[in-house]
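[1] sequence first, then the predicted structure, then my questions.
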Amino acid sequence: VQLVESGGGSVQTGGSLRLSCAASGLAFSIYRMGWFRQAPGKERESVAAISTRGQNTYYVDVVKGRFTISRDNARNTVYLQMNSLKPEDTAVYYCAATASFDDWYKETDYRYWGQGTRVTVSS
């Protein structure tokens, strides 16, 4: 199984980025997909998740209204559109896959993880 993130980079406050996560080696359409992030010196935290067919999405409060998670099961890819970025969004962003349907934010439920893509937002 491979999850490969892309789309990270450096932007100024208020800018946008679109992260992608391409999955291979798993039955993508049966997995809930999530995005997590880890800021320098901090623990990894949940950001967003999306159900198997995209019918349900979940967000941590601090990104609601700014970030949008989506998926394309035909392309085995999940996306995170990030708008109105703030310096506090600076982190390494990871995508992850889980077959669990418990609480979406439970990091320990996610079995497969990507290597991460770095996002830096400057003021």
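    Ah, there it is. Residues are numbered from 1 along each chain as shown.

[2] OK, contacts around the residue sitting nearest the centre point of the chain?
    With distances taken as C-alpha atoms, centre = their mean, W35 lies nearest the centre of the chain, 2.2 Å away. By C-beta atoms under 8 Å, 6 or more residues apart in numbering, the contact list for W35 reads 19, 21, 46-49, 69, 78, 80, 93-96. To be clear about C-beta, it is placed using only N, CA and C from the backbone, and glycine gets the same treatment.

[3] now the strands for this protein?
    Assigned by DSSP state E, the chain shows strands spanning 2-6, 9-12, 17-24, 32-38, 45-50, 57-59, 67-72, 77-82, 91-98, 112-113, 117-122.

[4] among the contacts of W35, which one sits closest to Q2?
    Distance to Q2, by C-beta to C-beta, is smallest for C21 among those, at 10.1 Å.

[5] show me what contacts that closest one?
    L3, V4, E5, S6, M33, W35, T77, V78, Y79, L80, C95, G114.

[6] what do you get for S29?
    By C-beta under 8 Å, 6+ apart, the residues touching S29 are T52, R53, N73.

[7] equivalent analysis for G7, please.
    Per C-beta under 8 Å, 6+ apart, neighbours of G7: L17, R18, L19, S20, T117.
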